[in-house]
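**Q** Generate coordinates for the sequence data below:
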Amino acid sequence: MAQIPLGPSAVADKPQSDAARDDGTQEIARDLAYRRLAIVNVIFFGEPGCGDRGWVLIDAGVVGTRALIKQAAAERFGSDARPAAIVMTHGHFDHIGALEDLADEWDVPVFAHPLEQPYLDGRAAYPPPDSSVGGGLMSLLSPLFPRGPVNVGRWLEPLPADGSVPHMPGWRWLHTPGHTPGHVSLWREADRIVVAGDAFITTRQESAYAVAVQSPEMHGPPMYYTVDWAKARMSVEALASFRPELAVTGHGPAMRGQEMRMALAELARDFDHLAVPPEGKYVENPVDTDSAYRAP
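**A** All right, here's what the predicted structure looks like:
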């Protein structure tokens, strides 16, 4: 597959200020930070020191990261500070690893798109991954990844139909399906920031080496889990049309500026060549992401 490499100047992290703050996160805006936990990013929205119920967690990492997420939250927002909400871009295993435990401990609402809810309330497991695509170790291992279901139905709520994001004023959610049926991205017009989830990412997630070194690269959604490539293309085209100034994704470093925008525009323009595998289970037979889900 072709690649769109991104230079170090496009990386949005600020190593000097991050080191001075020493809270283990990468702050990319005054009220937005992320922390890489194993193979995935967990995102924190809220002003530093805002305290209990003053912030929002976006996605919930892999299994075993509960304590790390709590530690990061305590360092950024205050000791024992619970979020006002957890917002899910989607429900794959590397985004929901600590979700059940955190929702229970914090007694916090979990917001997701209605089409994603079957995978979060115990009704459904995702379709099996396609290990034949991508050509990397992560793809080969993908049949071993858990497909669910998880059940946070007690706390689960649909994202508001008006496009607003609870407890995140100025933000709106965008339905960006293809990777999963109810995948969403978050957009703030004021400073043109997109939280893209896995609609597009900034590392080659199929490769264990690329995941380890985090070389910045504009990349389509993880191939082995994407079940509708036509919708995935439309989602990238929609996000590129916003011309974001800063993008934080589910995998890879946050990126900013003109180089990032140009790479995202190139990905949207040449998506079939750059992102879609030449062949594969879901290339030939996409899942109907408008309605289909697999019963557990």
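
**Q** Please enumerate the helices of the stretch 151-296 of the chain.
**A** Ranges of helices within the stretch 151-296 of the chain are 208-213, 229-241, 257-269, 271-274, 281-284, based on DSSP state H, counting those that start in this stretch.

**Q** what about those helices, which gets the closest to D104?
**A** For the helices of the stretch 151-296 of the chain, the distance to D104 is smallest for helix 208-213, at 29.3 Å, taking C-beta to C-beta. All C-beta spots, glycine's among them, are computed from the backbone N, C-alpha and C.

**Q** Low-confidence regions, this protein specifically.
**A** For the chain, the stretches flagged by pLDDT under 70 are 1-2, 19-23, 138, 140-144, 205-214, 289-296.

**Q** where do the strands sit along it?
**A** Counting by DSSP state E, the segments of the chain that form strands are 4-5, 26-29, 32-37, 40-45, 56-58, 85-87, 110-112, 156-158, 171-175, 184-188, 193-197, 217-218, 246-249, 255-256.

**Q** out of those strands, which comes closest to S131?
**A** Across the strands of the chain, S131 has its closest neighbour in strand 40-45 (19.0 Å, C-beta to C-beta).

**Q** ok, residues contacting the closest one?
**A** Here strand 40-45 makes contact (C-beta atoms under 8 Å, 6 or more residues apart in numbering) with 25, 31-35, 55-62, 65, 69, 72-73, 76-77, 94-95, 168, 171, 195, 248-252.

**Q** That strand: partners in the sheet, and parallel or antiparallel?
**A** Take DSSP bridges as the rule and strand 40-45 pairs in its sheet with strand 32-37 (antiparallel), strand 56-58 (antiparallel).

**Q** hey, C-alpha coordinates of the longest one in PDB?
**A** Extracted as PDB, the C-alpha positions of strand 32-37 are listed here (Å, rounded to 0.1, in the frame of the first residue of the first chain):
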ATOM      1  CA  LEU A  32      -7.500  18.800  25.200                       C
ATOM      2  CA  ALA A  33      -4.800  16.200  25.900                       C
ATOM      3  CA  TYR A  34      -4.200  12.600  25.100                       C
ATOM      4  CA  ARG A  35      -2.100   9.700  26.400                       C
ATOM      5  CA  ARG A  36      -0.900   6.700  24.400                       C
ATOM      6  CA  LEU A  37      -1.700   3.500  26.300                       C
END
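
**Q** Name the surrounding residues that touch that strand.
**A** For strand 32-37, contacts defined as C-beta under 8 Å, 6+ apart pick out 24-28, 41-45, 61-62, 65, 68-69, 72, 76, 193, 214, 248, 254.

**Q** how close does T89 get to D270?
**A** 24 Å (C-beta to C-beta, to the nearest Å).

**Q** Oh, that last question was meant for D121, not what I typed.
**A** Using C-beta to C-beta, D121 is found at 38 Å from D270.

**Q** what about those two, which has more around it?
**A** Taking neighbours as other C-beta atoms under 10 Å, D121 and D270 compare with D121 leading, 19 against 12.

**Q** Might you report the residue contacts of the more buried one?
**A** Applying C-beta under 8 Å, 6+ apart to D121 gives the contacts 149, 151-153, 156.

**Q** Compute the number of surrounding residues for the spatially closest residue to it that is not a sequence neighbour.
**A** Using C-beta to C-beta, 6 or more residues apart in numbering and skipping the chain neighbours, the partner closest in space to D121 is G153 (3.6 Å). G153 has 13 neighbours, counted by other C-beta under 10 Å.

**Q** again with the one 5 residues further on
**A** Using other C-beta under 10 Å, the number of residues around P158 comes to 13.

**Q** so it makes contact with P114?
**A** Yes. Applying C-beta atoms under 8 Å, one finds P158 in contact with P114, separated by 4.9 Å.

**Q** tell me the centre residue of this structure?
**A** Nearest to the mean C-alpha position of the chain, counting by C-alpha atoms, centre = their mean, stands G197 at 2.3 Å.

**Q** and it, how far is that from G78?
**A** 27 Å.

**Q** Helices of the stretch 1-150 of the chain, start to end?
**A** Using DSSP H, counting those that start in this stretch, helices in the stretch 1-150 of the chain cover 15-21, 66-77, 99-106, 137-141.

**Q** Those helices into JSON lines, with extra columns for distance to W229?
**A** Output for those, formatted as JSON lines (distance: least, C-beta to C-beta, whole Å):
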{"stretch": "helix 15-21", "distance to W229": "36"}
{"stretch": "helix 66-77", "distance to W229": "32"}
{"stretch": "helix 99-106", "distance to W229": "27"}
{"stretch": "helix 137-141", "distance to W229": "15"}
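
**Q** Since that was my last question, I'll sign off now.
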